[in-house]
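J.: when you get a sec, could you give me coordinates for this:
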Amino acid sequence: MIEQYDQEKRRCPMLGHQIAFHYCRSCNRDLPCSKIYDCWFQSFPVEKFMQEHYEEEVLKKIAAPPKPKMISLLELINRARANMEE
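T.: Numbering: from 1, shown residues only. Next up is the predicted model:
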């Protein structure tokens, strides 16, 4: 059951406050947070949980290094422009 740890809470180092595991599973455009292993390994077997509930493609996406900030900003600007044109 994918919801088995959803109510577990801990302090998120990126957000700076308490969050539930459910948020970590879905905060990245419905993908798990890239820091999910780092944050939850002491609370429960998060690596096993992820392997049981997510496909290999998803696991590879969250393990990939983040895009450089400049590229992310340019993508956001282009999306905003496209939305304004619609």
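J.: leaving aside the residues adjacent along the chain, what's closest to Met14?
T.: Lys35 (6.8 Å; Cβ to Cβ, 6 or more residues apart in numbering). Quick note: C-beta positions are derived from backbone N, CA and C, even for glycine.
J.: and the one you found, what pLDDT?
T.: Per-residue pLDDT puts Lys35 at 94.
J.: do the same with Asn28
T.: Per-residue pLDDT puts Asn28 at 84.
J.: how far away is it from Glu85?
T.: 26 Å (Cβ to Cβ, to the nearest Å).
J.: so for those two, which residue has more residues nearby?
T.: Asn28 (14 against 6; other Cβ atoms under 10 Å).
J.: tell me what the more buried one is bridged to.
T.: Beta-bridge partners recorded for Asn28 (DSSP bridges): Leu31.
J.: quick check: the gap between it and Ser34.
T.: Per Cβ to Cβ, Asn28 is found 7 Å from Ser34.
J.: mind listing the shared neighbours of these two?
T.: Here Asn28 and Ser34 share the contacting residues Ile62, scored by Cβ atoms under 8 Å, 6 or more residues apart in numbering.
J.: so what's Pro66 up against?
T.: Going by Cβ under 8 Å, 6+ apart, Pro66 touches Ser34, Ser72.
J.: circling back to that earlier point, measure the residue nearest to Met14 to Arg79 for me?
T.: To Arg79, Lys35 is 24 Å away according to Cβ to Cβ.
J.: which one of these two has more residues nearby?
T.: Lys35 (15 against 10).
J.: wait, what's in contact with that one?
T.: For Lys35, the contact set (Cβ under 8 Å, 6+ apart) comprises Pro13, Met14, Cys24.
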